[in-house]
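Asker: need a 3D model of the sequence below.
(one chain, ligands or ions: 2)
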Amino acid sequence: MVDQIRNFINGEYVDGVGTFDDINPVDGSLAAQVHTADKGVVDRAVKAARDALNGPWGSMSTPERVAILRRIADRIEERFDDLLAAEIRDTGKPVELAKTLDVYRASANFRSFTDTAASAGLDAFITEPANGSNALMYAVRKPLGVVGVIVPWNLPLLLLTWKVAPALATGNTVVVKPSEETPASAALLGEIMAEAGLPDGVYNVVHGYGDTGALITTHPDVDGVTFTGESKTGSAIQKAVSDRVLPVSFELGGKNAALVFEDANIEETVAGLTHSLFTNSGQVCLCTERVYIQRPVFDEVVAGLKESAQKLKIGTPYEEGTQFGPLISAKHREKVHGYARLAKEHGAETIIGGEIPDMPEELAGGSWYTPTLWTGLEHTDQVMREEVFGPVAGLIPFDTEEEAVRMANDTEYGLASAIWTTNLERAHRVAPKMNVGLSWVNTWYLRDLRAPFGGSGLSGIGREGGVHSFDFYTEPVNVAIKLA
Ligand SMILES: NC(=O)C1=CN([C@@H]2O[C@H](COP(=O)(O)OP(=O)(O)OC[C@H]3O[C@@H](n4cnc5c(N)ncnc54)[C@H](O)[C@@H]3O)[C@@H](O)[C@H]2O)C=CC1
Ligand SMILES: O=C(O)/C=C/C=C(\O)C(=O)O
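Answerer: Numbering: from 1, shown residues only. Ligands and ions are numbered 1, 2, ... in the order given. Down below sits the predicted model:
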C-alpha cells in the first residue's frame, strides 16, 4: 500500500480531488501519492485560517502564543527522526546534511522567532510640536491576517518553518503550499502542530502544482504572500496579487559570485568553495555558480577544486560518509545537463563532471549528476548569467580588484557573494561594494537567524530574519495620544 499524503485543514487531514505521484529521487520509485487541492479545498483552508484568526488564536496574548510555539519547537525535536525520514525520502539528500541543516533548523526557526516575539518592544516617541504641546506616539504591530506561504523543494522544512514560525509568532494564520516534489514534511508538521496544542485552523497545508499555488495568491481572503523559489514564479505571483496590492516577501534565485584574491589562504578557500558550490548538490539559492580567481593563483585554485570535487562521496542518503546526493528530479537534471551541453557548445573546458554518473542498477532510476566545473567561459556567457541551481560553476580569472567587483556585480540577481582574502582592509573595502543582501568574507552560509536575510533585483523583495520578518508579517498601527 502506497503512502497517502493529504491536505491538512482545520486540524484534520483532508482528501483532495485525485492524487499525483511523489517520487523518491534516489531511485525513481514511488514514495507516496499526494492529494491534490482544487479551488474547493483551498477555499476550505483559507476559511479555516480566517475563522482561527477571528477565533481563539486572534485573541490570545503574546505569552500564551509564545508558550504554544515553544511546545512546537520541543515537539519537532521529539519527532526529529520522523521529520528526517520524510525529508530524506522526498529529497534524497545525505542524512548528515538533513540532520544538521534541514531538521535542525525547523526547531531553531521556531525558537528564534519565538524569542524575538517574547522580547519585542514598541517603537515609541514623545512628540513635541513647536506650539508647546506634547504627545505620546507608539506603534503597535497587528498581524497581517491570513498569509499564503509558498515554498520550494530544495530545503523544504527549513524554508517552510522560516516563514511559518514568524507568521505565527506575530499572530497570523497560514495556508501553506509545499512544493509538489516535497510534500511530506509540511504534511507531517500538521500532526506535530496539533500535538503541541496549536488551535485548529492556524496552520493549514494544501498540496498541488503551481496552479494550486495560484489559487492561494488570487484568493480574495488572503492578506499577504510569502514565497521562496524561482524568480520567474516570483514575477508571476507579483502579477497575481497586483490587483489587490497585497504585500509580498520574496526570496528568489541567485547567480552568486565568489572572489578569490591572490592573498587568500588557498587551502581554506578551496574547502570553503567546495562547500559553497556543492552543498545540497548545488540546490541552495545561496550556492556559488561563478568563481572569479586572481590570475596568479588561478591554476592552483582550479587544481584544488578539481581534487576536492573528485573526492566528494556520491551516494544514497544513509550510506556512511555520503556527501553528495541526487538532484531533486529527472526534470531538474535535464535542466542542469542542458546547461552542461550549452557550456560545451560555447567552448568551455570541462574540468570535472558535466555528466550523468554510472550508478548501480538499483539506483539507475534516480536523478544523479556529477559535480561540475568549467573554465574558458566568457563572463558574459549565458551559462554564467542564468541560475542553473545545480552542482555547477564557471571559473574565470581576473587581474584587478576593480575588475573582479565589476564582474561579480554584473548580474540581474543580488543575493549572496563570498570574498576570499587574508587582507582585512580589502575585505572591508570590497564586502560592502557587493550588490547583494548577503556578503560573506572567508566563509559561506554563516547564518544568524536575527540578521536580515534576502536579496535585491531578481533575487527578491524584502528581508526576513528576526524583527525584519516581523516587518512583513505585521501592520503597524501608530497611536498618537495628545498629552498637553
Ligand atoms: N530558491 C530558489 O532560488 C529556487 C530556485 N529553483 C529553480 O526553479 C526551477 C523550478 O523549480 P520549481 O520547484 O518548479 O520552482 P518554482 O518557483 O516554480 O516553485 C516553487 C513553489 O511555487 C509554486 N508555484 C509555481 N508556480 C506558481 C504560481 N504561478 N503561483 C503560485 N505558486 C506557484 C510551486 O508549486 C512550488 O511550491 C528549478 O529548476 C530551479 O532552477 C527552485 C527552487 C528554489
Ligand atoms: O534561510 C536559510 O538559511 C536558507 C535559505 C535558502 C533559500 O532561501 C533557498 O535556497 O531558496
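
Asker: secondary structure element for the closest residue to ligand 1 within the chain?
Answerer: Closest approach between the chain and ligand 1, counting by Cβ to the nearest ligand atom: G213, at 2.2 Å. (Each C-beta comes from the backbone N, C-alpha and C, glycine too.) Element membership for G213, per DSSP states H and E: helix 210-217.

Asker: now do that helix: distance to the chain's middle.
Answerer: Offset of helix 210-217 from its chain centre (Cα atoms, centre = their mean, to the nearest Å): 19 Å.

Asker: count of residues packed around D299?
Answerer: Neighbours of D299 under the rule other Cβ atoms under 10 Å: 12.

Asker: just the pLDDT for M1.
Answerer: M1 carries a pLDDT value of 80.

Asker: close to ligand 2: what parts of this structure are there?
Answerer: Counting by Cβ under 6 Å from any ligand atom, the positions of the chain adjacent to ligand 2 are N154, L155, L159, W162, T228, E251, V284, C285, L286, R447, F453.

Asker: surely V147 is in a strand?
Answerer: Yes - V147 sits within a strand when classified using DSSP: H, G, I helix; E, B strand; the rest coil.

Asker: how near is it to ligand 2?
Answerer: 17 Å (Cβ to the nearest ligand atom, to the nearest Å).

Asker: list the contacts for that residue?
Answerer: K163, A167, N172, T173, V174, V175, V222, D223, G224, V225, T226, Y473 (Cβ atoms under 8 Å, 6 or more residues apart in numbering).

Asker: please repeat the previous calculation with a cut-off of 7 Å.
Answerer: Contacts were defined as Cβ atoms under 7 Å, 6 or more residues apart in numbering; by that measure V147 touches A167, N172, V174, D223, G224, T226, Y473.

Asker: just T370 next, same as before
Answerer: By Cβ under 7 Å, 6+ apart, the contact set of T370 is G353, G354, E355, P357.

Asker: make a PyMOL selection of whichever of these turn out to be buried.
Answerer: Here is the PyMOL selection string for the buried members of the contacts of T370, based on 16 or more other Cβ atoms under 10 Å:
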select buried, resi 353+354
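
Asker: a markdown table for the contacts of T370, including distance to Y292, secondary structure and pLDDT?
Answerer: Output for the contacts of T370, formatted as a markdown table (distance: Cβ to Cβ, whole Å; DSSP: H, G, I helix; E, B strand; the rest coil; pLDDT from 0 to 100):
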| residue | distance to Y292 | secondary structure | pLDDT |
| --- | --- | --- | --- |
| G353 | 20 | coil | 98 |
| G354 | 21 | coil | 98 |
| E355 | 25 | coil | 97 |
| P357 | 28 | coil | 97 |
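
Asker: for the contacts of T370, which one is nearest F8?
Answerer: Closest approach between those and F8, by Cβ to Cβ: P357, at 37.5 Å.

Asker: among the contacts of V147, which are in strands?
Answerer: V174, G224, T226 (DSSP state E).

Asker: looking at these, which has the most residues close by?
Answerer: T226 (29 neighbours).

Asker: wait, isn't it in contact with K163?
Answerer: Yes - here T226 reaches K163: they are 4.9 Å apart, a contact under Cβ atoms under 7 Å.

Asker: need the overlap of contacts for these two.
Answerer: V149.

Asker: quick one: the helix or strand hosting G234 to chain centroid distance?
Answerer: Element membership of G234, judged by DSSP H and E, is helix 231-242. In this view, helix 231-242 has its centroid 17 Å away from the chain centroid, taken as Cα atoms, centre = their mean.

Asker: spatially, what comes nearest to the residue of the chain found nearest ligand 2 if we skip its sequence neighbours?
Answerer: At 3.4 Å from ligand 2, C285 is the closest residue in the chain, using Cβ to the nearest ligand atom. Leaving out its chain neighbours, the residue that sits closest to C285 by Cβ to Cβ, 6 or more residues apart in numbering is G254, at 5.0 Å.

Asker: thanks a lot, catch you later.
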